[in-house]
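Asks: Structure for this input, please:
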Amino acid sequence: MWYPLSDVQYAKQTPITAIDIDSRVIAYGDGFFTTMAVVAGQINWLSYHLDRIDESAHALHLNLTNADLDAANLESPNHTIRAYFNSQLANFAKTLNHGMLKLIVCRKNQPIKGYGFCNSEFDAFIKLMPTDKPLAQQANQVIIQPAATAICLTQQIACLPKPLVGLKLLNAQDKVMASHELWQHQTQNAQMIDGLVQDVMGYWVEGTFCNVFYQLNHENVWYTPTINRSGVKGVMRQVLLAKFAKYNRAHEERYLASEELANITSLFFCNAVRGILPIEALMLPNRQSTALDLTPIYAEKLT
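Replies: Residues are numbered from 1 along each chain as shown. Below is the predicted model of the structure:
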């Protein structure tokens, strides 16, 4: 069920049953989203999700109004975007207890025509997706999923200007096309969990719904593609980079070129809901499958 977050009706938790066809979220995909795992009434990696929300709102020039603050029983000017969403999301997490929350933040319809905007007002909507069982034994636990396979896809993703690169934007037609290509392969191979995608410059960036970490030539270093012109700075990617730094684990952000794919010896995808997805075999662009070493992944003990 979807609920409004920035509306006074939130207090009544009235589900949304329809949306204006002329809204900017439909016309332009003018906004961003984040999906959060909830365990025992707590949002996993909440501070990282709030970082994403804060960064995205500022990049898109979205800000709070007095009505937003009144709806959340907050006082201006002492409360920021971060504090506002922290308060609102916590209430929904307690209601959900176990499952997932999906937050969409989009610009309100504007009094001017076309793509442009003249104010910073936004709408925010949240979807509650309960699960029968907890997603993890405890909050903020890094889950390692069963090993699966992956493929190097042909569909490329766009490069974006610096204010937008790394954000989880609603306007993601390139990801839609990449995900469709992945689905076509999955109909032939149920073990295929994700696909590696290139940006339009020809460098490999991420999966269709995950970030990626890899090792080359059995070196004891975890690499992840640089996100400075394409891709999403995923929450689990940020969590793992922080863990690697905290425990002095060798890691580096770098570009991944096509000629290096055959030198990958270990690889995993990751996101904030699914955790770590180890890859035991990667199908290269020449459609040759290469076996990968799972040992370095399980040796990390990141859980």
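
Asks: With just CA atoms, put the longest helix seen in the chain into PDB.
Replies: Across the chain, the helix with the greatest residue count (assigned by DSSP state H) is helix 81-96. Included here for helix 81-96 are C-alpha records, laid out as PDB according to Å, rounded to 0.1, in the frame of the first residue of the first chain:
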ATOM      1  CA  ILE A  81      15.400  17.500   5.300                       C
ATOM      2  CA  ARG A  82      17.300  14.900   7.100                       C
ATOM      3  CA  ALA A  83      15.400  15.400  10.400                       C
ATOM      4  CA  TYR A  84      12.100  15.500   8.700                       C
ATOM      5  CA  PHE A  85      12.500  12.200   6.900                       C
ATOM      6  CA  ASN A  86      14.100  10.600   9.900                       C
ATOM      7  CA  SER A  87      11.000  11.300  11.900                       C
ATOM      8  CA  GLN A  88       8.500  10.300   9.200                       C
ATOM      9  CA  LEU A  89      10.300   7.100   8.200                       C
ATOM     10  CA  ALA A  90      10.700   5.900  11.800                       C
ATOM     11  CA  ASN A  91       6.900   5.900  12.300                       C
ATOM     12  CA  PHE A  92       6.300   3.800   9.200                       C
ATOM     13  CA  ALA A  93       9.100   1.400  10.100                       C
ATOM     14  CA  LYS A  94       7.500   0.700  13.500                       C
ATOM     15  CA  THR A  95       4.200   0.100  11.800                       C
ATOM     16  CA  LEU A  96       5.700  -2.300   9.300                       C
END
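
Asks: All the helices of this protein, residue numbers only.
Replies: Shown for the chain, the helices assigned by DSSP H span residues 24-27, 46-59, 66-71, 81-96, 173-186, 235-246, 295-298.

Asks: closest to residue 266 out of these?
Replies: helix 295-298 (4.6 Å; Cβ to Cβ). (Each C-beta comes from the backbone N, C-alpha and C, glycine too.)

Asks: do you know how far the residue nearest to residue 56 when sequence neighbours are not counted is from residue 233?
Replies: Leaving aside its chain neighbours, residue 56 sits nearest to residue 32 (4.2 Å; criterion: Cβ to Cβ, 6 or more residues apart in numbering). In this view, residue 32 and residue 233 are 12 Å apart by Cβ to Cβ, to the nearest Å.

Asks: Repeat that for residue 53.
Replies: Residue 53 is 13 Å from residue 233, where distance means Cβ to Cβ.

Asks: More neighbours: which of these two?
Replies: Legend: neighbour count by other Cβ atoms under 10 Å for residue 53 and residue 233, higher for residue 53 (24 against 19).

Asks: Not counting its neighbours along the chain, what's nearest the more buried one?
Replies: residue 85 (5.2 Å).

Asks: tell me the contacts of the residue lying closest to residue 281 once chain neighbours are set aside?
Replies: Using Cβ to Cβ, 6+ apart and skipping residues adjacent in sequence, the residue nearest residue 281 is residue 149, 4.6 Å away. Taking Cβ atoms under 8 Å, 6 or more residues apart in numbering as the criterion, residue 149 is in contact with 189, 191-193, 279-283, 289.

Asks: let's go with 7 Å and repeat that
Replies: Applying Cβ atoms under 7 Å, 6 or more residues apart in numbering, we find residue 149 in contact with 189, 191-193, 279-281.

Asks: and residue 22, how many neighbours does it have?
Replies: Residue 22: 8 surrounding residues under other Cβ under 10 Å.

Asks: re the thing from before, let's have the helices of the chain in CSV, adding mean pLDDT.
Replies: Formatted as CSV, these follow (pLDDT from 0 to 100):
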stretch, mean pLDDT
helix 24-27, 93
helix 46-59, 96
helix 66-71, 69
helix 81-96, 90
helix 173-186, 98
helix 235-246, 96
helix 295-298, 94
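
Asks: Any chance of these in a markdown table with distance to residue 224 as columns?
Replies: Listed next are the helices of the chain as a markdown table, based on distance: least, Cβ to Cβ, whole Å:
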| stretch | distance to residue 224 |
| --- | --- |
| helix 24-27 | 31 |
| helix 46-59 | 15 |
| helix 66-71 | 35 |
| helix 81-96 | 25 |
| helix 173-186 | 18 |
| helix 235-246 | 6 |
| helix 295-298 | 14 |
